[in-house]
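In: need a 3D model of the following:
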Amino acid sequence: MIIKGDDKLRDVSGLSETEKQRILDFLQGAVYCWCKNRKGECFSILELMGGDNRDWNGTPLQTLYDKHRLNGKDDKEAWDVAGQESGWLLKETIHRDERRFETESTAINRRYRWLEG
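Out: Prediction:
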């Protein structure tokens, strides 16, 4: 649950319900690990996935990149759009979470922080 910030969610098209759910489950696990191991620290999709390292092979996020490559986008454009969509899916993951998070938008991404207690 986001308690501060923009609550508007964006849909990601071109995924099956199963693919989308796998991504949401994967991101939920990443959020739980972050909150457990880095209490009080802000995070974004970049921090959760290792910075600008977009080696998503073996993760459900690879589906986002693959769909854009199959639709004719070059490597850079596919990564850019997939990165944006992964952020939208992280926001949906946080929105569905029962815990409380605050959020802020920066120049390049959206960041979250778990509000314990």
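In: check contacts around the most centrally placed residue in the chain.
Out: Nearest to the mean C-alpha position of the chain, by Cα atoms, centre = their mean, lies residue 90 at 2.9 Å. By Cβ atoms under 8 Å, 6 or more residues apart in numbering, the contact set of residue 90 is 27, 31, 44, 45, 48, 110, 112. The C-beta positions use only the backbone N, C-alpha and C, and glycine is treated the same way.
In: for it, what are phi and psi?
Out: Per-residue torsions, residue 90: phi -60, psi -40 (degrees, to the nearest 10).
In: so for it, what's the pLDDT?
Out: Note on residue 90: pLDDT of 96.
In: swap in residue 65?
Out: Reported pLDDT for residue 65: 96.
In: residue 56 too?
Out: pLDDT at residue 56 comes out at 91.
In: just the strands in this structure please.
Out: 2-4, 101-105, 110-114 (DSSP state E).
In: burial of residue 62, as a residue count?
Out: 15 (other Cβ atoms under 10 Å).
In: ok, it to residue 19 distance?
Out: Distance of residue 62 to residue 19, computed by Cβ to Cβ, to the nearest Å: 10 Å.
In: now swap in residue 104 and tell me
Out: 29 Å.
In: deepest-packed of the strands of the chain, please.
Out: strand 110-114 (a mean of 20; mean count of other Cβ atoms under 10 Å).
In: rounded mean pLDDT for it, please.
Out: The model assigns strand 110-114 a mean pLDDT of 94.
In: for that strand, name the packing helices and strands.
Out: When contacts are defined as 3 or more Cβ pairs under 8 Å, 6 or more residues apart in numbering; DSSP states H and E, strand 110-114 packs onto helix 75-96, strand 101-105.
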